[in-house]
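Colleague: Take a look and give me a structure for this.
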Amino acid sequence: MNHFLDIHTTDPEALRGMIDQAQTMKDARAGQPKATPDAEQPLKNHMVALIFEKPSTRTRVSFDVGVRQMGGQTMVLSGTDLQLGHGESIADTARVLSRYVDMIMIRTFEESVLQELAEYASVPVINGLTNRTHPCQIMADVMTYEEHNGPIKGKKVVWTGDGNNVCASFLHAAGQFEFDFTFVGPPSLDPEAEFIDLARSKGVNVTIERDADKAVQGADLVVADTWVSMHDSQSTRQRRHNLLKPYQVNDHLMAQAKDDALFMHCLPAHREEEVTSSVMDGPRSVIFDEAENRLHAQKAVMRWCLGK
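Modeller: Predicted structure coming up:
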C-alpha cells in the first residue's frame, strides 16, 4: 500500500514511473470516445472515496472519470457529509472508511487532516490538495511539459506571483525531477523557506527574484496562478491586485523567455489579471492539455497506490 501525500515524500523512480505510465495510458486512449473504459481495468471491483472539504471542478471530475475509466466506482463525499474532526475524530473516520472503500482521495484545508487520515487509514490516501501543497497538479504539469518539449530535467521553470500551495509542489518536484526553479514575486508572498531549502538540498538551483523580466530570461516554462481566492474579501482582492500587478504574464514577459518556452496555469484563471488572454490563447499556452493531463496523471497515481 502506498500513500501519495506529497511529491517530495515519494521516491523519484516511482514518480518517473507514474509520468511514463500516464503518457502510455493517454496514448492508448487516443481517438476513443471519452466514456470508453480502458482496455485494462485495474480498478475493477474497487471503490474509491472522493472527499471534498474544498469545492472543486477539475479535481472532482478528473478523479471521478479516471476511476470509472479504470473499471472502479466512486463515492463522492463533501465536508458536510463527514464533518471531519467535529463529530467523529479524523482517526476514527479513517478507520471506518478503510472498512468500506479501497482508496481515499481528499481535498482539504489543513495539511494535518491529510496526515492524520493517512496515519490511521489501512487503504491508500491521495492528497487532492491542501493549503500547503497540490502534488497531483504538478504531476500533470511535468507530464504536459515533457509531452511537448521533452525531458524536464535541467530545464528552467519560472513561477510568477504568489508562492502558494501549487508553487510549493513545484519546488518539491524541482528536487525530485532535477529542474531549476525561479520564483518571482513580492517578498511578502515568497514560498516557505522549508520548501526552498528542500529543493536546494537536492542539488538544484532555486532563485528568488523581484524583477519579472530578469526572472523569465532563458525560461523553458513560465507558470502563473490566480492572485485571489474565492474566500478573499473585496479589500483583500484589491490589495493583492496592486501587489501582484508587476508580475502579470503578458506578451512582453513571455518574449523574455526562450522561443520554445511554454506557459502553464492550473486554472481557473482570471483573464487580464495574472495572465492576459493573448498569452492564455496563444501558441505557447498548454493550459488545456495541462487540465486534461490531470486525468491521466491521477490515473497513474491511483494505479501506483494500489500496486497496479
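Colleague: Could you look up the SS state of Leu77?
Modeller: Recorded secondary structure, Leu77: strand (DSSP: H, G, I helix; E, B strand; the rest coil).
Colleague: switch to numbering from 35
Modeller: Sure, I'll start numbering at 35, so the last one becomes Leu111.
Colleague: and it, what does it touch?
Modeller: Contacts of Leu111 were listed using CB atoms under 8 Å, 6 or more residues apart in numbering, and they are 83-86. Where C-beta positions appear, they are placed from N, C-alpha and C, glycine not excepted.
Colleague: Roughly how far does it sit from Arg141?
Modeller: 11 Å (CB to CB, to the nearest Å).
Colleague: how about the strands in the stretch 235-342 of the chain?
Modeller: 240-243, 255-258, 296-299 (DSSP state E, counting those that start in this stretch).
Colleague: which one of those strands is the most hemmed in?
Modeller: Comparing the strands of the stretch 235-342 of the chain by mean neighbour count (mean count of other CB atoms under 10 Å), strand 255-258 comes out on top with a mean of 27.
Colleague: hey, C-alpha coordinates of that one in CSV?
Modeller: Output in CSV follows, covering the C-alpha atoms of strand 255-258 (Å, rounded to 0.1, in the frame of the first residue of the first chain):
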residue,chain,number,x,y,z
LEU,A,255,8.4,27.1,-18.7
VAL,A,256,6.5,30.1,-17.2
VAL,A,257,3.8,29.3,-14.7
ALA,A,258,1.1,31.6,-13.1
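Colleague: quick one: strands adjacent to that strand?
Modeller: Partner strands and pairing direction for strand 255-258 (DSSP bridges) are strand 190-194 (parallel), strand 296-299 (parallel).
Colleague: Run through who's touching that strand.
Modeller: Under the criterion CB under 8 Å, 6+ apart, residues 175, 179, 186, 189-195, 204, 250, 283, 287-288, 291, 295-299, 303, 308-309 lie in contact with strand 255-258.
Colleague: Now with 6 Å, please.
Modeller: Contact with strand 255-258 is made by 179, 191-195, 250, 283, 291, 296-299, 308-309, as judged by CB atoms under 6 Å, 6 or more residues apart in numbering.
Colleague: same deal with stretch 171-179?
Modeller: 53, 56, 186, 200, 203-204, 207, 211, 255, 298, 300, 320, 323-324, 327-328, 331.
Colleague: what about stretch 260-269, how long is it end to end?
Modeller: 16 Å (CA to CA, to the nearest Å).
Colleague: got the strands paired with strand 255-258 as a markdown table, with mean pLDDT and distance to Arg63 columns?
Modeller: Formatted as a markdown table, these follow (pLDDT from 0 to 100; distance: least, CB to CB, whole Å):
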| stretch | mean pLDDT | distance to Arg63 |
| --- | --- | --- |
| strand 190-194 | 98 | 28 |
| strand 296-299 | 98 | 22 |
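Colleague: And those strands: which comes nearest Thr93?
Modeller: Shortest separation from Thr93 across the strands paired with strand 255-258 is recorded for strand 296-299, at 15.4 Å, computed as CB to CB.
Colleague: Which residues does that closest one contact?
Modeller: Residues from elsewhere that reach strand 296-299 (CB under 6 Å, 6+ apart): 175, 182, 255-258, 313, 318-321, 324.
Colleague: which of the residues you listed lies closest to Val238?
Modeller: Leu255 (14.1 Å).
Colleague: What is the burial count for the nearest residue to the closest one once chain neighbours are set aside?
Modeller: Closest residue in space to Leu255, ignoring its immediate chain neighbours: Val191 at 4.7 Å, by CB to CB, 6 or more residues apart in numbering. Other residues within reach of Val191, judged by other CB atoms under 10 Å, total 27.
Colleague: From the contacts of stretch 171-179, which land in helices?
Modeller: Counted as lying in helices by DSSP state H, out of the contacts of stretch 171-179, are 53, 56, 200, 203-204, 207, 211, 323-324, 327-328, 331.
Colleague: Can you list the low-confidence ranges for the stretch 85-234 of the chain?
Modeller: 119 (pLDDT under 70).
Colleague: quick one, helices of it?
Modeller: 92-103, 113-116, 124-134, 145-154, 169-183, 199-211, 227-235 (DSSP state H, counting those that start in this stretch).
Colleague: what's the first one packed up against?
Modeller: Using 3 or more CB pairs under 6 Å, 6 or more residues apart in numbering; DSSP states H and E as the contact criterion, the neighbours of helix 92-103 among helices and strands are helix 321-339.
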